[in-house]
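Colleague: this is the structure alone, sequence omitted:
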């Protein structure tokens, strides 16, 4: 197992390298310079000052030297300082990550708690009315635009009926609340964002779970289990479920980039101070150091998600280690 | 033909007709401002109501269909082109070409796609053409993988050996024999890709970095809808519904092709 993890870690190195190259290329090869924002709209900035700023960011050096410099600084998690407020990029990202990861984690748990049972019950009742209505639900889930779902829920539940708050993650009077009230307050703010971010994934997982389960239920060892007189419940939940659940781990790992990318949308809609919103704000302000930082960190998080999925797959499935 | 394909195709064709005949279908000019009728609800004069400048929502939706479909289709065309070329090179030549291209695919897949798209848009002007290119350039990896896998198995088949034996060039083998035979799964992926691209475009336009007003797109109408939330439900409801139904249509069509024509 340790050997397996070690091997997987080694294989990440070229990927990390590639991630930094692409991030660097995106910023430097696309027309429009990182310093334009600070200079071109300001008539007072002379050509000379423009050069000085370019030198400050090392933009006068050849590209490969710039890349090497940037890589060196990144190795020590130094992503530079934000153009907007001169704070270190890594600090800005660090304070935003817990919110985004928290919401995504909550929505993954929600997806599993609802999606897996839906998948199982559909597979057990293959082609029944229930199964077919769940298929319809899956298609709806896949096609539902996150923005639309968010806006409609916001309008109905938040604005019209006033049941839940629709903006931010805590109320204005948050500091005066007792501990319990604080927890309730934050959870009330997170209900809609978590639900919205879980919705599409829910459709995916339940569909995937269903097809796994249908396949497993057709296998010989299931027939054997039935033949030796086990109850249907035992067959499904003791024998079939374990094998049908395995690939779900991989799918969860693969869904990480989608979830993180999707956070841009719902964090902007619900004004949640997470990484997605930070990224959006930096894009609007053309805050290049932050954009590069978030890109690299976002990709690194994806890698970590995949790695975790692989490792947990290997941990639960003894067949993997043989490879 | 089955229900999936039929219902999917019906939706796809319906919106294609709307896009084609936009000028005939829309009762008003989509940019025509009418201060007397600001934010009026659906009525016989304005089927879907009016927006905060008194413009007819129905006409704007009809023209928005044009933009959204155009962006979706061309973006997917670009991604299919890149994916097919890189995927077939990797599959056919193997060895270091394959390693290089597929590692590139792995790296591209590490980035949350939406992050990459936003980062590039930050540098470029958010024009319609740029958006098509950006969506295309960031979404070809699935097609590349599919085509490569197909070609890996196809290139060991007898008819390819026969082609080689009669001295056909690599280009001819790839473009005349391998790619046409590998297009099945790509067709599904491309159909589903249109749906995804339409979602991305609407999200970008909603965030204000996609199609820029006054050009109407479903996404930027939704964005206006958000700013009048609570006062004009039609501004939120109809554009979202259009996106939802269109995406549903392409998904149904794609799944239908997968289940019934490719039988996988």
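Modeller: Yep, that arrived. Because the structure is a prediction, the values reported are computed rather than measured.
Colleague: can you give me the strands in the chain?
Modeller: Went with chain A since none was named. In chain A, no strands are defined using DSSP state E.
Colleague: hm, I was asking about chain B
Modeller: Taking DSSP E as the criterion, chain B carries no strands.
Colleague: where does pLDDT dip in it?
Modeller: B:1, B:263-264 (pLDDT under 70).
Colleague: who are the packing partners of the longest helix along chain B?
Modeller: Counting by DSSP state H, the longest helix found in chain B is helix B:57-93. Helix B:57-93 is packed against helix B:3-20, helix B:22-25, helix B:95-110, helix B:128-137, helix B:141-154, helix B:179-206, helix B:218-227, helix B:233-257, with contacts defined by 3 or more Cβ pairs under 8 Å, 6 or more residues apart in numbering or on different chains; DSSP states H and E. In this view, the C-beta of every residue, glycine as well, is placed from N, C-alpha and C.
Colleague: got TSV for the ones you listed, with mean neighbour count and distance to residue A:90 too?
Modeller: Shown next, in TSV, are the helices and strands packed on helix B:57-93 (neighbours: other Cβ atoms under 10 Å in any protein chain shown; distance: least, Cβ to Cβ, whole Å):
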stretch	mean neighbour count	distance to residue A:90
helix B:3-20	16	46
helix B:22-25	13	49
helix B:95-110	16	19
helix B:128-137	20	27
helix B:141-154	21	29
helix B:179-206	23	28
helix B:218-227	23	32
helix B:233-257	23	37
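Colleague: can you add distance to residue A:10 and give the ones you listed back as a markdown table?
Modeller: Formatted as a markdown table, the helices and strands packed on helix B:57-93 follow (distance: least, Cβ to Cβ, whole Å):
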| stretch | distance to residue A:10 |
| --- | --- |
| helix B:3-20 | 44 |
| helix B:22-25 | 56 |
| helix B:95-110 | 14 |
| helix B:128-137 | 30 |
| helix B:141-154 | 23 |
| helix B:179-206 | 32 |
| helix B:218-227 | 43 |
| helix B:233-257 | 38 |
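Colleague: so which bits of the stretch 51-200 of chain A are right by chain B?
Modeller: A:139-140, A:142-148, A:151-152, A:154-155, A:159-160 (Cβ under 8 Å from any Cβ of the partner chain).
Colleague: ok so, going back, between the helices and strands packed on helix B:57-93, which gets nearest to residue A:310?
Modeller: Closest approach to residue A:310 among the helices and strands packed on helix B:57-93 is made by helix B:95-110 (13.4 Å; Cβ to Cβ).
Colleague: what about the closest one and chain A, touching?
Modeller: Yes: using Cβ under 8 Å from any Cβ, we find that helix B:95-110 touches chain A at B:103, B:104, B:106, B:107, B:108, B:109, B:110.
Colleague: now for residue B:72, how many residues are close by?
Modeller: Using other Cβ atoms under 10 Å in any protein chain shown, residue B:72 has 25 other residues around it.
Colleague: hmm, it is touching residue B:192, no?
Modeller: No: judged on Cβ atoms under 8 Å, residue B:72 makes no contact with residue B:192 at a distance of 11.3 Å.
Colleague: centroid-nearest residue for chain A?
Modeller: Most central in chain A under Cα atoms, centre = their mean is residue A:260, positioned 2.5 Å from the mean C-alpha point.
Colleague: and the gap between that residue and chain B?
Modeller: According to Cβ to the nearest Cβ, to the nearest Å, residue A:260 and chain B sit 4 Å apart.
Colleague: can you check residue A:114 too?
Modeller: Relative to chain B, and taking Cβ to the nearest Cβ, residue A:114 is found at 21 Å.
Colleague: wait, that residue sits on residue A:202?
Modeller: Yes: using Cβ under 8 Å, residue A:114 is in contact with residue A:202, at 5.9 Å.
Colleague: neighbour count winner among these two?
Modeller: Remark: of residue A:114 and residue A:202, residue A:202 carries more neighbours, 22 against 14, as counted by other Cβ under 10 Å.
Colleague: show me the contacts for the more buried one.
Modeller: Residues near residue A:202 by Cβ atoms under 8 Å, 6 or more residues apart in numbering or on different chains: A:110, A:111, A:114, A:115, A:118, A:141.
Colleague: count the residues that sit near the fourth one.
Modeller: When you say that, I think you mean residue A:115. Residue A:115 has 25 nearby residues by other Cβ under 10 Å.
Colleague: about what we covered before: common neighbours of residue B:72 and residue B:192, please.
Modeller: By Cβ under 8 Å, 6+ apart, no residue touches both residue B:72 and residue B:192.
Colleague: list buried residues within the residues of the stretch 51-200 of chain A next to chain B.
Modeller: Among these, those buried by neighbour count (16 or more other Cβ atoms under 10 Å in any protein chain shown) are A:139, A:142, A:143, A:144, A:145, A:146, A:147, A:148, A:151, A:152, A:154, A:155.
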